[in-house]
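S.K.: build me a model:
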Amino acid sequence: MTTEILDRIRARGVPSIPSATVLANGRRAQLATFPPELREAMKVAAKRHAWTPETWMIQVALIADCRHAGRCSDDDLVLAYQNPPPE
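M.R.: All right, here's what the predicted structure looks like:
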């Protein structure tokens, strides 16, 4: 039954959801566009908070969106990621 449904979906030309690998590669490409200082600051935060690969993908997506929309500067992001959150 499941195979029949998938075959019908494929026959209609419905685009498939990108795989996790494709999404991760896209995020890596975005990360590569960030300034080195920002990438290093993100590494500091990642170590401090034990980021998982999924956390990295979310953080890269959030930063890319923020930078694209002009809601934050790279300098502000560097400071935010380098400094521990207030207690």
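S.K.: what strand or helix carries Arg71?
M.R.: Arg71 belongs to no helix or strand when assigned by DSSP states H and E.
S.K.: now the helices: where do they sit in this protein?
M.R.: 2-12, 20-33, 36-49, 53-69, 74-82 (DSSP state H).
S.K.: any low-confidence regions in the protein?
M.R.: Applying pLDDT under 70 to the chain flags the ranges 1-20, 23.
S.K.: may I see the buried residues of stretch 39-59?
M.R.: Using 16 or more other C-beta atoms under 10 Å as the test for burial, stretch 39-59 gives 41-42, 45, 51, 56-57, 59. (Glycine included, C-beta is placed from N, CA and C.)
S.K.: end-to-end on that stretch?
M.R.: Length of stretch 39-59, first residue to last, C-alpha to C-alpha, to the nearest Å: 11 Å.
S.K.: which residues touch it?
M.R.: The contact list for stretch 39-59 (C-beta atoms under 8 Å, 6 or more residues apart in numbering) reads 23-24, 27, 31, 34, 63, 77-82, 84.
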